[in-house]
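Engineer: test case, fold it:
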Amino acid sequence: EDYYGKGVFSADDFGRLRSLLDAIEGRFILSINDTPEIREVFAGLALEEVGVTYGVRGGATPARELIITGGAGS
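Structural biologist: All right, here's what the predicted structure looks like:
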C-alpha cells in the first residue's frame, strides 16, 4: 500500500479496482507495480511480469511491473 507513497492507496482501493475490472463488459489491460499483494488481489487474471527501468533525475532503477489483462473474450 505504501509502495506509491504513504497514504496514497489503501488495500480497499486495490480491491475496488479489481471489482471494477471484473465488471467490465469489454477487455482491459492494466500496468501496475509487481508486488506480492498485487499478485494476490489480481489472482485469476492473466499476469505477465516485465522488467522496467524507472528514471528520476538521471538515475536508473530496475523494477518489475505486471501487465494484467482480462475481460470479455480474453
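Engineer: identify the residues contacting the spatially most central residue of the chain.
Structural biologist: Nearest to the mean C-alpha position of the chain, by C-alpha atoms, centre = their mean, lies residue 32 at 2.8 Å. Contacts for residue 32 were tallied using C-beta atoms under 8 Å, 6 or more residues apart in numbering; they are 38, 42, 65, 66, 68. For the C-beta atoms, the positions are set from N, CA and C on the backbone; glycine is no exception.
Engineer: do that again at 6 Å, thanks
Structural biologist: 38, 66 (C-beta atoms under 6 Å, 6 or more residues apart in numbering).
Engineer: how about residue 31?
Structural biologist: Residue 31 neighbours (C-beta under 6 Å, 6+ apart): 65, 67.
Engineer: now it: which helix or strand?
Structural biologist: Residue 31 is part of strand 27-33 when elements are defined by DSSP states H and E.
Engineer: how about that strand: buried residues?
Structural biologist: The neighbour-count check on strand 27-33 (16 or more other C-beta atoms under 10 Å) flags 30, 32 as buried.
Engineer: understood, closing this out.
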